[in-house]
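Enquirer: Attaching a predicted model along with its sequence, questions to come.
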Amino acid sequence: MVASECGGRFAEGAVLERQRFGGGSVMVWGGISTRLRTPLYHVVGNLTGVRYQNEILQPLVVPALQAIGPHAILQDDNAPPYRSAAVSTFTIIQQARVNRMLWPANSPDLNPIEHMWDELCRRVQQHHPPPANLGQLLQWLQQEWNGVPRAFICNLIHSMRQRCVECLAHNGGHTRY
């Protein structure tokens, strides 16, 4: 068919209807350990230190760390909400005696949760067709978060020592992780 034909582009046989989800994203937060995983939390809007404290640390992180026991360590990163003054002076963390892993500024991200996010992304992308809207995307994220095998998570966490050893051996440069 030649596009210059009168009405040819819009003839019934030349039009293919598609329903596309035009993109967008959702922000989620989750925590993993060898013994448990937190619920996947949907962060709506900007995450501030106060919101991180009230919506994530107090209801999700502190109880999870207490369930793990006294040797649990919170490994987050240097994201501004996690290192804000509101979080640093958060008395619940101090009272719960939560151990936090300190990260130097500009350090490589060795956090196993990054590999969990990659796995979650791969699992969601396996759904065909793609999500129709953000609500469906969030539903699939939550479903797949709960479906990641515990053995996969344990492997990520148990690789932490080797990640650090390799990072030190490469003076903070590129590693296979």
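Expert: On my side now, so go ahead. Worth saying up front: this structure is predicted, and the values here are computed from it rather than measured.

Enquirer: pLDDT wise, what is Arg100 at?
Expert: In this model, Arg100 is scored at 83, pLDDT.

Enquirer: thought it was touching Asn78?
Expert: No. When contacts are counted by CB atoms under 8 Å, Arg100 is not listed as touching Asn78 (11.5 Å). Every C-beta, even on glycine, is put in place using the N, C-alpha and C of the backbone.

Enquirer: Spatially central residue in the protein, please.
Expert: By CA atoms, centre = their mean, the chain has its centre lying nearest to Trp117, at 4.7 Å.

Enquirer: so how far is the host helix or strand of that residue from its chain's centroid?
Expert: Per DSSP states H and E: Trp117 is located in helix 113-125. Put simply, helix 113-125 sits 8 Å off its chain's centre (CA atoms, centre = their mean, to the nearest Å).

Enquirer: cool, and stretch 104-123?
Expert: Distance of stretch 104-123 from the chain centroid (CA atoms, centre = their mean) equals 8 Å.

Enquirer: buried stuff in it?
Expert: Pro108, Leu110, Asn111, Pro112, Ile113, His115, Met116, Glu119, Leu120, Arg123 (16 or more other CB atoms under 10 Å).

Enquirer: Save those as a markdown table, and put in distance to Leu65 and pLDDT too.
Expert: Shown next, in a markdown table, are the buried residues of stretch 104-123 (distance: CB to CB, whole Å; pLDDT from 0 to 100):
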| residue | distance to Leu65 | pLDDT |
| --- | --- | --- |
| Pro108 | 24 | 67 |
| Leu110 | 20 | 79 |
| Asn111 | 16 | 83 |
| Pro112 | 16 | 88 |
| Ile113 | 15 | 90 |
| His115 | 21 | 90 |
| Met116 | 17 | 95 |
| Glu119 | 23 | 95 |
| Leu120 | 22 | 95 |
| Arg123 | 26 | 95 |
